[in-house]
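In: Let me see the structure of the following:
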Amino acid sequence: MMVQSGNPAVRLGTLTSAVLLLLLGSGTTGWPQSAPPALGLQEQGPPAAPPPSTPAPPTGEENPGLINEMGKLFDKLPAILPPIKSPSETLNDLSRLAKPSSMVSGRMACPASSNGAPDCKQAADQLCQSKGYREGKSLNADSAEKCSAKVLIPGRQRKPDDCRTDTFVTSALCQN
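Out: The predicted structure is shown next:
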């Protein structure tokens, strides 16, 4: 708001009133919405328009906040995760799977495969076949280092090929 007047005191008073109107009129907390006192100065010009009222937030729109997004995720969980089984259903499934199987104990060496790693599936099959079953799956294995008698010679330096590690299947789950 600009008022032209030759008197600097009137211009300063008008400017001060305009600033007070802006500060007090636009605030929404703690101040009354009525016009501020004139402080002994009179304004010239048209009266100031009341500040625009803020529209209420629409109730039909969705609020994309964190809580809302988490709610959407929880709504989708049943489609993402499989249904949770009760303990009795889980035990029934396990007993149904374990009925045709038997656990056996023994000691069968795992032969070396083409890449040098032990093939304990073959050893588990051999252990189960020795007990009258068709095939097996290794449950427990044991490893031992086997060295030649040269290692026992006093003062002899140990060489990389003096010892090897043998792996054994000690128990297996066998199936008919």
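In: which non-adjacent residue is nearest Cys110?
Out: Pro118 (3.7 Å; C-beta to C-beta, 6 or more residues apart in numbering). For every residue, glycine as well, the C-beta is placed using N, CA and C.
In: Check the gap between Lys159 and Ile67 for me.
Out: Using C-beta to C-beta, to the nearest Å, Lys159 is found at 68 Å from Ile67.
In: Give me the more crowded residue out of those two.
Out: Higher neighbour count among Lys159 and Ile67: Lys159, with 10 against 7, using other C-beta atoms under 10 Å.
In: Can you tell me the number of residues neighbouring Met70?
Out: Count around Met70 with other C-beta under 10 Å applied: 10.
In: so Ala144 makes contact with Arg164?
Out: No: with contact defined as C-beta atoms under 8 Å, Ala144 does not reach Arg164; the gap is 9.8 Å.
In: just to revisit the earlier point, got a list of what the residue nearest to Cys110 touches?
Out: With contact taken as C-beta atoms under 8 Å, 6 or more residues apart in numbering, Pro118 is in contact with Cys110, Pro111, Ala112, Thr167.
In: which of those residues are buried?
Out: Cys110, Thr167 (16 or more other C-beta atoms under 10 Å).
In: now the contacts of Pro118 as JSON lines including distance to Glu135, pLDDT and secondary structure?
Out: Formatted as JSON lines, those follow (distance: C-beta to C-beta, whole Å; pLDDT from 0 to 100; DSSP: H, G, I helix; E, B strand; the rest coil):
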{"residue": "Cys110", "distance to Glu135": "15", "pLDDT": "95", "secondary structure": "coil"}
{"residue": "Pro111", "distance to Glu135": "16", "pLDDT": "94", "secondary structure": "coil"}
{"residue": "Ala112", "distance to Glu135": "20", "pLDDT": "89", "secondary structure": "strand"}
{"residue": "Thr167", "distance to Glu135": "19", "pLDDT": "96", "secondary structure": "strand"}
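In: Where does pLDDT dip in this protein?
Out: Along the chain, segments meeting pLDDT under 70 span 1-63, 96-99.
In: residue ranges of the strands in it, please?
Out: 101-109, 135-147, 163-175 (DSSP state E).
In: Tell me which of the ones you listed sits most buried.
Out: strand 163-175 (a mean of 18; mean count of other C-beta atoms under 10 Å).
In: Who are the packing partners of it?
Out: Under the contact criterion of 3 or more C-beta pairs under 8 Å, 6 or more residues apart in numbering; DSSP states H and E, strand 163-175 touches strand 101-109, helix 120-130, strand 135-147.
In: List the buried residues for the second one?
Out: To tie it back to what came earlier, the one meant is helix 120-130. Result for helix 120-130 [16+ other C-beta under 10 Å]: buried residues Cys120, Lys121, Gln122, Ala123, Ala124, Asp125, Gln126, Leu127, Cys128.
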